[in-house]
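Undergrad: sequence and predicted model, in that order:
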Amino acid sequence: MRRWVHPEKARYYQADLVEDLLGGWSVVTAWGGLGSRRGRMRTAWVATREEGMVRLAAIEKRRRQRGYRSIETQYLV
């Protein structure tokens, strides 16, 4: 999972490439205000994992252009 934060606007954006049980791939994005319980989420199905990686790279480029900073995400194990 990739996560970006825009501290001046108190906004976040995150994206993840996930594989479903049948082997299909989708890019799941979520965004909203920091500290808010509201937000939005979108799922976009992609044909291949490579297409998903290209889409994630485009999202990252767009977030950086708009002033977001990447932050490390930690998974609970």
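TA: Alright, I've got the coordinates.
Undergrad: hmm, residue 4 is touching residue 67, no?
TA: No: between residue 4 and residue 67 there is no contact under CB atoms under 8 Å: 9.4 Å. The C-beta positions use only the backbone N, C-alpha and C, and glycine is treated the same way.
Undergrad: have a look at these two and say which one is more surrounded.
TA: Comparing residue 4 with residue 67 by other CB atoms under 10 Å, the one with more neighbours is residue 4, at 21 against 12.
Undergrad: OK, contacts around that one?
TA: 12-14, 60, 63-64, 68-71 (CB atoms under 8 Å, 6 or more residues apart in numbering).
Undergrad: which helix or strand contains it?
TA: strand 2-6 (DSSP states H and E).
Undergrad: what's next to the helix or strand following that strand, contact-wise?
TA: The first helix or strand that comes after strand 2-6 along the chain, using DSSP H and E, is strand 11-19. By CB under 8 Å, 6+ apart, the residues outside strand 11-19 that reach it are 1-6, 25-34, 49, 52-53, 55-56, 59-60, 63, 68, 73.
Undergrad: which of the residues you listed are buried, as a PyMOL select command?
TA: To isolate the buried ones among the contacts of strand 11-19 in PyMOL, judged by 16 or more other CB atoms under 10 Å, type:
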select buried, resi 2+3+4+5+25+26+27+29+30+31+32+52+55+56+59+60+63+68
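Undergrad: for the residue in the chain sticking out farthest from the centre, give me phi and psi.
TA: Using CA atoms, centre = their mean, the residue of the chain lying farthest from its centre is residue 22. It sits 21.9 Å away. Backbone torsions of residue 22, given as degrees, to the nearest 10, read phi -100, psi 10.
Undergrad: go on, residue 63?
TA: Main-chain dihedrals, residue 63, degrees, to the nearest 10: phi -60, psi -40.
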